[in-house]
Each structure stands twice: as structure tokens, then as C-alpha cells.
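Undergrad: Provide a 3D model corresponding to the input given below.
(2 chains)
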Amino acid sequence: MSYRLGVDVGGTFTDLLLLDQQSGNFWRHKTPSTPHDSSQGILNGVTAICQEAGTSPSAIEFFLHGTTVATNAMLEGKGARVGLITTVGYRQTMQIARSFVPGGLAGWIVWPKPEPLAALEDSFEISGRIDAQGKEIAPIDEAEIRKILEKLKESGIEALTVSLINSYLNGGHESRIGALAAEIMPDIPFSLSHQVLPEMQEYERTLTTVANASVRPVVGKYVRNLRDSLRSCEMNGSLSLLRSDGGLMSSEKAEDHPVSLLMSGPAGGVTGAIWVGRNAGIKNILTLDVGGTSTDVALIENLEARRQRTTEVGHLSVRASALDVKTVGAGGGSIAYVPELTGALRVGPESAGAVPGPVAYGKGGVQPTVTDANVVLGYLPESLLGGSFKLDREGAEKSIQNIADTLGISLMEAARGIIDIVNENMFGALRMISVQQGYDPRHFALMGFGGAGPLHVNAVARLMDSWPAVSPVSPGVLCALGDATTRMRTETARSFSRRFNETDEAEVIGLLQEISAQTRAELMEEGIADEDITSQFELDVRYEGQAFEVPLSIDEKTLLEDGLKGVTDRFDEEHHRLFTFNMESAHELVNVRAVALGPELDLPAPTLEKGDGDPSAAKIRDHQLWADGKMQAAIIYDRAKLLAGDVIPGPAIVIEMDSTTLIEADCIGTVDPVGNILINLA
Amino acid sequence: MPAQIIQSNETPFNTVAIDPVTLEVIENALRNARIEMDATLVRTAMSPGIREQGDAFPLIADSKGRMIVGQFGSYIGPFLEGFDGTVEEGDLIFLSDPYSVAGAISHSNDWLVLMPVFKDGRLIAYTSMFGHMSDIGGKVPGSMPIDATSIFQEGVRIPPIKIWKSGEYNEDLIKLIMHQTRTPDWCKADLNALIASCRVAARRVVELCDRFGEDVYASATDLLLERNHRAMQKLIETSVSEEKVSFEDYICDDGMGYGPYKIRCTMWRENGRVILDFEGTDPQSKASINFLLNENMMKMFFGIYMIMVFDPQILFNDGFYDLIDVRIPEGSLLKPKFPAALSGRTHALGRLFDILGGLLGQKTPEFLNAAGFSSSPHLFYAGTDKNGKWFQLFQIGFGGIPGRPLGDGPDGHSLWPGFTNVPNEFLERYFPLRIERYETVSDSGGPGLHRGGNGINMVYRFLEPGVIAIHDDRWFVPPWGVNGGEPGARARKLLIKNDGTEIVLGNKLEDYEVEAGDQLHFVTWGGGGWGDPLEREPELLAVELEKGLVTVEGALRYGVVLTNGKVDQSATDALRTKMRDARDGDLPTFNYGPDIETLRANCLAETGLPAPKQPQWQTAE
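TA: Coordinates of the predicted model:
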């Protein structure tokens, strides 16, 4: 018997999902997170879930983990103290930060400028220069470098980074400095920009390198600590972490390249949605992951999630591949308010967070939130989490009444208004990743997960016209499911920056083969057999001079058959889809990229017992909720008792341990063979 | 004659009741559509000016042309009043001539597209965007000749014309226009990008009308304008006094040896409205630094400043326009007469923001910011490389952000919304030059409790012979400090020839020949300081010394003595006492530095450039 265990550590709960690799059966568990040392919460969960499954941690072959440890270290400024060596004249690259000031005209008046991730006092310049063709035009001075390294050693930095101008074309100088650093300060880890990100643009390359170095000690410590804890309870299987781009990497690799982990948390939900979609036979999915303070959305086309080349963390935009996940400040804890000057009804982005939380949680919150509105409208029944926890309906009503009074509308209208506005904000985010990218949302299903996703998914699907609205099996632990079911992945990119008419198929294929061999070797080092590795190629193409590249995936055979012309034709097609026009300008091949993927998990989802279509056996009680401007009769069901094929007419509510699904008045929910609820218009 | 709107369906919109939720939803959707316009533009434009630097401005207006979302306020009203033609379904209007739209755009480099949006034969909205083109022909690369004496020297002038007329594309027209520019590829791509952005926004408006109905949409946009009107009314009552306040500031020179030029504005409240009167502003210049200022645009600037200074939560639109009365004397620097040259208007545009800050903050020093708008410093570099390929660079630089109530002004940042620098590796890859230094200039920010941001020193090494042009200001009249803060350092341009000869270049310079190997130090202004520099935490100076942001001498201006990188506490105490004692009464609200005559007298010694001469007015008064 062997198992895969997916573990997702959130701010409040640690979610676990244990998958039997033979039968496909699974167990799920939720346990409070232990922020001072997450491994404790994880261990509690591991012990509990193994007990439930009647097994022991030693039977876990793969421990697969999504973590926000890198993200939090960056957001909270808890990264390491990083030293930076730059080319002479470029010490202040991070201070100037491309001169960008957010906000509109006069936005500078109210903008608090963040301190650079590598402090200026820890930044030093060296002589030596590479030109824009990669040629050395001034040599480095080793004596000077030694002096600086000695000084940095004294200063107490915890990590060193080197980012020299044009090193993306020639990393020779950086490598030499790395060698000297290894000699002079052997205990300090160093990162070289041409290795972390061999791409043009000095600010972005430096920032990415510094970010990587900054979170490395925190992530390293976290991973080693976790590994030790797991080993101590006999979990001797492999430990992998989820990358921002939805693939897995070994924990050792993650220690070296933690910048790839910055979106690890949200990526779990998206990979989970892909797994659910595959089992449910739904290939095009928009995801709606609603948490306490924010909502993450992503687009999955043909069971592949869209990726992007940047990862946004706080105010920083780091160059590392990530799933194209958009986040809006709209969640269960989003606060509703009416500003005095305008008298408008606003919802979010301020959030009541986990503490004090919504008024209904009775933990001291006084400002009305989205959750409170859901309680008032009857969408969230008073007893959550299997009855151990009662919601304060009266408090919620009181807080929303204030809003209603200010606006001069009824309590229910105000509550429904708050929900409509927050749904609209989610809708806005979904449009950004669909319509704005040239996708028609009517060709997609909408999947809601996270604590509150299934509450909003029906209403948002209506706005998007994306059907069915899906409430997946175990919506509350979908991230852990994603961790458990995705595959290993690694990628490498090279700047190319030349016109198509200045190269040919042979050169491009040669380069692709070279970097492809590199990525395959990386996966083989992780113990994956050569024949289990799948390689993919991507070419980033644009019209020469544009700032925006379209990544096109391609294989060697097609490239040989259709030639580079085939690539530019596809680019024109894609450009037209995105922007409605094409240009006569030359095409430029900006980057080439190779991706290597480990074997795909081949496992059937366990099916649910087939019912007769009547969900009555799962009925808990009758209920009243607000729909279409009036209170209406509704039924509350227990999700655990629903059978495949059950048809649930709206309005109805389906509750389970950690999530609540709302089926609206003129809709029908159908339970599919594996237990997902598919909601469609009646 | 005002424009004639042709609708096949003349049914007026019914005013219907709008609940607050729908209103919020529609406002949000419009805001998203506007963000989408920006995104579309950046992705498809090609000139570094637009794609990297973001020099473009979108808006969505209602069927009467009033801006609902956008940045610089609507020019559509004045445009429609002056447009002798029809506005029909399937039209796409294109223009660049400032004089034909009362200054709605202010120099011919800005190309503007305007799209009336129709649904079922009814005009429901306008979407519009303008962006700065890298070159539109004329006497110099970049098309912004400092020494131009008429707009005819500044490249192609496009009156309001239709690229698409009732759905029919006029290809010949585009060919004709593109034939005038040195950079047709960039202009074509950028124009396409502007159009694609307007189309995206138009689609979103139609979708909104599909969803809510035209009546609801139109009533909602009315309400949004009203809401803004109400909010601004309250703001005006509480923050603008009935007593007149005036503020004046200067453009250093006109690039032809004359200057400085004064801009003066007086503000007061009268019957609930704000009057902004530019009486006392100098007459127009013979050269190109004139700024044809559209009254509506000035209203928007004022509104945005009010909001940012006093209550940043409000979203702005055109709703408050009738609360403001802008008076600009004919024939002045801000309302020059046709065919005065306009291409160098960026300096006066920048200066307006300093003046607005000074005006609004005068009675409420706690909200006052120091000065920091030079303009947008431009560098042009053009020529033909060894392979016979034409190259042309147009780049916008940045300087020091002023000291603010919030804190220090950031070093080397942009005062313009959304602008970024062009990555230096990009410049080196695509132009024959190297950037040998890219750093801020220590001590250039004005001392203060909150110091001004440092200016930038960008050092170019030109690898091919060519011509350069420079447009910058604040080299003669320094950016002022406030509430005890001191002025920031002035801008400076230095050319070092291969043989080591140093030549101080003017900050407004045209068609200057450079040789391969020449090195240009392009130094921008520092922001003014905010608050008493003697109150600044001495340890901060020690840290900033280590960061290279101030020097030991610079720290003395804060009364801080640094020895071996550490604060010498007793020497600092002594120096601060001495400096306080030497003060003559209270610190002034504004510290402009020396007066104009003193600046003139010391100009050559301090800047390496001859003092500008008192301008001689072109217009007989």
C-alpha cells in the first residue's frame, strides 16, 4: 500500500489530502495552522489523517506540499539581509526601481516608497563591463572584488547576489565573482543573475535574483525543519514542493530556487481544479478561489492552465514563471462601508481578516463583511463546521442595518447589494483573464472553491454566462488535492532577441535541444527515468519593438515541417485574437524555452454510489433565504449523503464540514458520478 | 459651427432610478474598461515612449462627451463645439492639431483618436485616447524643435479627420500622414494601439448597455457625475477660501536665450465656485515653450490635486466642471495665438502642477508639498549608423520627487502617472550607445525634515556620430522648498569629448552634433525639501551617507556633522544651535532660493551657462 499526501498550509487551516495510489480512494483532513512553526500543524495533520485511513506515515511515498512561506517572507520583509554587487554606475538600480510611481496623476503625493530588497548600504559597484553583444569591453579587477567581498563578509549579510549589466549575454564576470565569493565567504550562499534569470532588463533581473536570495534562508530553514520533523515520524518518502507554475520540484531544488515558490499557494487550487475537471470531463474551466481576504481566479483551457512570465508579490513584480492567477481584494472578510463624501456603497479591499473577522464570527468584529451579508440573506446557515460553531446572526444584521440606514434602503437590499458588489469584483477579475485575453467565457465552466467559493459560484457564473457552475468534491481542500495530483516540472529559458529572418530552423532547434537536455537532466537528477520525461518547447514571439510577447508552444517535428513561417503565422493568428489587428513589421524571436515534465498521475477518481435522482435522503431541514427580492423556502442538504445523479432544485443549500454551496432559485444542481455538484440554469 | 451628431435613432434616454449597487457596479466596470485600455496599449504599441514609458492617456465619456473615467479630463466638449462636421456611427476621428481643439491636446506630437460609440443607432458614449508619437516630421528628429517660431515647423498637423468614415477605412489618408514621419513603423503601431484600446473600451460600454439597458447606463453615468460634483462642492467649501491667494513660478528660459517666463495664478472662492485666474502670466514666447492650456484640462488638474491633497479616496470624473472657472489671458504663455509654436509645452505643463500645489497648500501648510516638477526632461539622439540604418531615440528622464507631508521625496522617480524608465540594457541593445552611469545625485534633494528626492545622473556614451536635442528646465530657477525646507538642486547637462574637453550644454538644445565616443552627463533636478532640516534625525544622515545619497558636506546643511561615517553629536548640537541662532525670525512657508536678479548675476559662475535675458514680448500690449 502506498500513498500520496497533499498538504496546503493556509493562514488559518492546514489542509491535507491523502490519496491511495492503487485505488484512488482519498481522505481529507483540516487542522488549525501553527504559524510559529508550520511543521507542527502539518505533523498533527499527518498523524490524524493516517489514523483515519488506517495506515502510518511510513506508507507515504510522496509528500507534496504547497506553501506560502516564501511569499510571506517577502510580504512581511522577513527575508534575509542580501548583499548586492553591480556594475559601476548601477549601484542604485534597486533604489530607482525604474522610476515607477503607482497611482494616477499626483499619486506621488500619497505613495509610501518601499525600501529596496537589497539595502543600498549593502550594495557595491565593481569595474568591468560587458557590452550589449556579450563582448567584454573592460575586464574585472580581482583585487577590487576581493576587497569588496571582505567588506561584505564583515557587514553581516546573509546572502550575496551578483547582477552585472548585460550578464544575460555573458555571465563570465559574474561567475568569476561567484568563485571568489565561495573562496572568501564560504558560508554565505550566493546567486548570480545570469543563472537565476538569463534575460534582458537589468532591474527585473536584479530584483528576481535578490528576491531569490532574500527568501532562500527562510525557505531553506523551513524545508529542512519540515524534512526533519517528517523523518522523525517515519515519513521517509520524497518531499516535493509546488512551484508557482503548477509543477512540482524536489525540496532540495526549492531551497536553491525559492523564487519559483512565490505563487505556490494559489497554484495548488488551479492544479486541483485541473484534476477535478479531468475526472468530471470538463476541459475548459475558470477557477474562483474565494478566501477570507481575497479571491484568486485563473483560466484553464483544455486542461492546461495559462502561465505568465512574471509573479506579482506585493508591490514587486518578479520574473519567474507562474500560473496566470489574478487576485482581487474581495473575500468573505471584505468590509462594506459608505464613504461620507461620495455616499457610495463600497466593498473591500479592506478586510476584517481572520482577526477580528466578520461580525457573525463573534470574535470582536464590528464592521459588516461579505460573510455577514451571506448570513443575513440566509446563504450561510447559522451552524457551520458540523455544528460546533454557531454564527451570530443578530450581530450580522445589526452591522448591515447601519449600511442600510445610511443608504436609505432595506436590510435585505443592503445585504444583497454587498453580495452583488463583491460578485461584481470577482466578475471583473475573471474578465481580465478571459475576455481581455480573447477567450469567450461561455465556453468555460466556472469552478468555485476555497471556503466561500461555492457560495458565490452560482451568481458569478450567471454574470459570466459560464456554465455549469461547479462545486467540486472537497472544495475546502482543493489546494491539497492539487498538490497531491500534479506532476514534476522544470523549465529553462534563453534570451534570443533576433528577427526571424536573421535565424533559421536549424539554429532554433539546436538551441532548443541544448536547453531541453539541460531540463531533462535536472529531472533525472530527481530520480525520474528518462523515458518518463516529456519535453515541451516554447517560443516567445512579438513584432519587433513590442513590449508584449506571445508564448507559442511547439514541438520539433512541427517546427521542421512548418518551418519558422509556421510559427509567425500562428503568432499573427494569436495577435489578431488578442488585439484585433496584425502588423507588417518584422517578427522577433525574443526567448526560447524548454520545459521538462515528469510522469502524469494515472489514477481513476473513486465513484459515488448511484442514487435515483431524488436527494431527499440527504435533506437536513427546511430553510428560508432571500432570492429575487423576497424570502423564499429552501432546503438544506448534507453533502456527505448525496448520491450520484441526485438532482437538487434551487433555492437550496448544501453543507459540508468546511464549505457551503448555494444553488440559486432558478437553477438546478446535479451530482456527477464522482460527487461534484454541477449547477445549471433550470 | 458645432459638430452635427447623426443618429438613426433619436430616442432620448429616460432618466430612471438607480439603486446604489447598480451604480457601484457600473462605475467599477467602467474603471476596469479603462484599465483594459491601458493594458491593450502597452502590449501593442512599439515606440519606447509609449510601450516602456507609458506616455498615453485614455478616457471613456458619456454621450455628451463628459469624462466618466480617465485621467486628464475630457476634451470632447470643446472638440465638438469646434468641429465643423458630422459624428456618425462607424466614425473614428483622428487629430493632432492643438489649435483645432482649443488645446485639448497641447502639441502636435500627441495623436488623439476619438470613437463615438453607438448602439441601436443611438450615440451612447465616446472612447478616446491620445499618445505621444516619437516623430511626426518637421525640422528636427523627434519633431519638437525648441527654436521653432511657428507650429508649421513642428511636423504634420492633423485637423479633426475621419480615419474610418461610417465604417469605411481611409487608407490613403494614413499613407499620407505616415509619409511625413521619420518613424512610420512606430507611428503605425502606436496609432493601431490607440485605436485597439478605444475599440476595447467601446465594446465594454456596449456590453454594459446590453446588461443593464441604455436608460440605466445613461442615468448611472449622470449620477456618477453628480456624485462627484457633490463631493467636490464640499471639498471646495472647506478648503478654498474667499480671500484671494496667488502663486507664481517660472519657466527658466525659452531655449533662445530669453527667460525666465512667469506663470501666475490667483485662486479664490466666489458663490461656491472656484476661480483660477492666470492674470499676470507673461505673454507668449516667440519660441516653442508656449502651452495652449485647455480650460477643462485645467479644471481636471485642479480637481485631481484637490482630491490627492485632501482626500485621495474620491474617484474623479468631469462632474465638477461647473464649479470651477478658469480664466486665461489671450496671447499669454498659456493661451498663445495661432500659429505660435507649441512643441516645447512640457515645461509649462509641469510647472502648472507646482503652482497648483503652492496655491492649494498656502492656507493649509500641513498639506503643502515642495516643488519638484521640472517638466519631463527629454533626450533625442538620432543619426545613421555604420550599416546605413537610421536610429532615433526619444527618451523621457526623471528627477527628484518633492519632500511631502508623508515623508521624503523618492529619489529619481516619475511625477507623471505610470511612467517608467526604458531599461538600459534595452537601450544598449537597440541603439548605438552605452549607459555608463545610472544613479541619483547625492545632495541634490533639497534639505528638510523630509528631504526632496535626488535627481538622476544618466551618463550616455554615444557610439555613433549623430545629433542630440535636450529639453529640460529647472536649471535656472530652483525647485522651491516649503515649511522651512530648502530648494532642490538645479538640472545640468555636461558633454565630455573624447579628448577630455568639457562643454556645459544648454538645457534646451536643438540639433547638437555629437561624435562617436562623446559622453553626455544628463543631470536632472532634485526635489525641494519639506520642513525644517535642523529637525531631521541626525542618524538618518549617517545612514544616507553610507547609501551614497548625501555627502559629509551635504549633511552640514542639516546641521549634522559626520565624522568617519558617524554622527558627531556635540559638534552637531553646536552647529544646529549656531544655525538656529543665525535665523532671522520664523522659517518662511516657501523658500524659493535667491531672487531672479541674484540668480542672473551668479548664473555663469554657478551653472556654466550665461544668464537668460529678460524676454521681449512678441505681442504688442
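
Undergrad: and B:Phe338, what helix or strand is that in?
TA: Remark: B:Phe338 resides in no helix or strand, with elements defined by DSSP states H and E.

Undergrad: and it, what are its phi and psi?
TA: Note on B:Phe338: backbone dihedrals following degrees, to the nearest 10 are phi -50, psi 140.

Undergrad: wait, doesn't it sit right on B:Tyr99?
TA: Yes - at 4.9 Å, B:Phe338 counts as touching B:Tyr99 under the criterion of Cβ atoms under 8 Å. Every residue, glycine included, has its C-beta placed from N, CA and C.

Undergrad: higher neighbour count, the two?
TA: Shown here are B:Phe338 and B:Tyr99; by other Cβ atoms under 10 Å in any protein chain shown, B:Tyr99 has more neighbours (18 against 12).

Undergrad: Any figure for the gap between that one and chain A?
TA: For B:Tyr99, the distance to chain A (Cβ to the nearest Cβ, to the nearest Å) stands at 24 Å.

Undergrad: So which helix or strand of the chain has the lowest pLDDT on average?
TA: Here I'm looking at chain A. Across the helices and strands of chain A, mean confidence by mean pLDDT, DSSP states H and E is lowest for strand A:383-384: a mean of 62.

Undergrad: not what I meant, chain B
TA: The weakest-scoring helix or strand in chain B, judged by mean pLDDT, DSSP H and E, is helix B:48-51 (a mean of 75).

Undergrad: which parts of the host helix or strand of A:Gln195 are buried?
TA: Take DSSP H and E as the rule and A:Gln195 turns out to sit in helix A:193-196. Neighbour counts over helix A:193-196 (16 or more other Cβ atoms under 10 Å in any protein chain shown) mark A:Ser193, A:His194, A:Gln195, A:Val196 as buried.

Undergrad: Stretch A:405-413 too?
TA: Buried, per 16+ other Cβ under 10 Å, within stretch A:405-413: A:Leu407, A:Ile409, A:Leu411, A:Met412, A:Glu413.

Undergrad: now stretch B:499-512
TA: For stretch B:499-512, by 16+ other Cβ under 10 Å, it's B:Leu505, B:Gly506, B:Asn507, B:Lys508, B:Leu509, B:Glu510, B:Tyr512.

Undergrad: Same question for the residue lying farthest from the centre of chain A, what's its three-state structure.
TA: Relative to the mean C-alpha coordinate of chain A, counting by Cα atoms, centre = their mean, the farthest residue is A:Ala143 (44.5 Å). The local conformation at A:Ala143, judged by DSSP: H, G, I helix; E, B strand; the rest coil, is helix.

Undergrad: If I look at A:Gly387, what pLDDT would I see?
TA: Predicted confidence (pLDDT) for A:Gly387: 55.

Undergrad: End to end on stretch A:281-301, go ahead and measure it.
TA: End-to-end distance for stretch A:281-301: 13 Å, by Cα to Cα, to the nearest Å.

Undergrad: Buried residues of that stretch, list them for me.
TA: For stretch A:281-301, the buried set under the neighbour-count rule, 16+ other Cβ under 10 Å, comprises A:282-301.

Undergrad: mind checking how far that stretch is from the chain centre?
TA: Centroid separation for stretch A:281-301 versus its chain: 10 Å, with Cα atoms, centre = their mean, to the nearest Å.

Undergrad: Let me see the mean pLDDT of it.
TA: Averaged over stretch A:281-301, pLDDT sits at 93.

Undergrad: Please apply the same query to stretch B:493-504.
TA: Stretch B:493-504 shows a mean pLDDT of 97.

Undergrad: Does chain A have contacts with that stretch?
TA: No - using Cβ under 8 Å from any Cβ of the partner chain, stretch B:493-504 stays clear of chain A, with a minimum separation of 14.4 Å.

Undergrad: Name the surrounding residues that touch that stretch.
TA: The set of residues external to stretch B:493-504 that reach it, using Cβ atoms under 8 Å, 6 or more residues apart in numbering or on different chains, is B:470, B:472, B:492, B:505-507, B:509, B:514-515, B:517-523, B:607-609.

Undergrad: switch the cut-off to 10 Å
TA: The contact list for stretch B:493-504 (Cβ atoms under 10 Å, 6 or more residues apart in numbering or on different chains) reads B:377, B:379, B:457, B:459-462, B:468, B:470, B:472, B:475, B:492, B:505-509, B:512, B:514-524, B:604, B:607-609.

Undergrad: Buried by neighbour count, from these: which ones?
TA: When the contacts of stretch B:493-504 are checked for burial by 16+ other Cβ under 10 Å, the buried set is B:377, B:379, B:457, B:459-462, B:468, B:470, B:472, B:475, B:492, B:505-509, B:512, B:514, B:518-524, B:607, B:609.

Undergrad: show me which of those neighbour chain A.
TA: The residues of these that also fall near chain A, by Cβ under 10 Å from any Cβ of the partner chain, are B:Asn457, B:Val459.

Undergrad: For the stretch 101-250 of chain B, which residue gets nearest to chain A?
TA: Nearest residue of the stretch 101-250 of chain B to chain A: B:Ala231, at 4.3 Å (Cβ to the nearest Cβ).

Undergrad: picking up where we left off before, just the buried residues of helix A:193-196 now: which is nearest chain B?
TA: Looking across the buried residues of helix A:193-196 and measuring by Cβ to the nearest Cβ, the closest to chain B is A:Ser193, at 11.2 Å.

Undergrad: B:Pro478 belongs to a helix?
TA: No - read with three-state DSSP, B:Pro478 is coil and lies in no helix.

Undergrad: What residues does the residue lying closest to it once chain neighbours are set aside make contact with?
TA: Closest residue to B:Pro478 apart from its sequence neighbours, by Cβ to Cβ, 6 or more residues apart in numbering or on different chains: B:Pro487 at 3.9 Å. By Cβ under 10 Å, 6+ apart, the contact set of B:Pro487 is B:370-371, B:446-447, B:452, B:474, B:477-481, B:525-529, B:590-594.

Undergrad: ok, now with 6 Å
TA: For B:Pro487, the contact set (Cβ atoms under 6 Å, 6 or more residues apart in numbering or on different chains) comprises B:Gly446, B:Pro478, B:Pro479, B:Trp480, B:Gly481, B:Gly528, B:Gly593.

Undergrad: Kindly report the same for B:Glu242.
TA: Residues counted as contacts of B:Glu242 (Cβ under 6 Å, 6+ apart) are B:Trp268, B:Arg269.

Undergrad: How much space separates it from B:Asp325?
TA: Per Cβ to Cβ, to the nearest Å, B:Glu242 is found 14 Å from B:Asp325.

Undergrad: Was I right to think A:Ile109 contacts B:Phe310?
TA: No - taking contacts as Cβ atoms under 6 Å, A:Ile109 lies outside contact range of B:Phe310: 10.2 Å.

Undergrad: What's the local residue count around the closest residue to chain A within the stretch 501-621 of chain B?
TA: For the stretch 501-621 of chain B, the nearest residue to chain A under the criterion Cβ to the nearest Cβ is B:Lys547, separated by 3.8 Å. A count of neighbours around B:Lys547, defined by other Cβ under 10 Å, yields 20.
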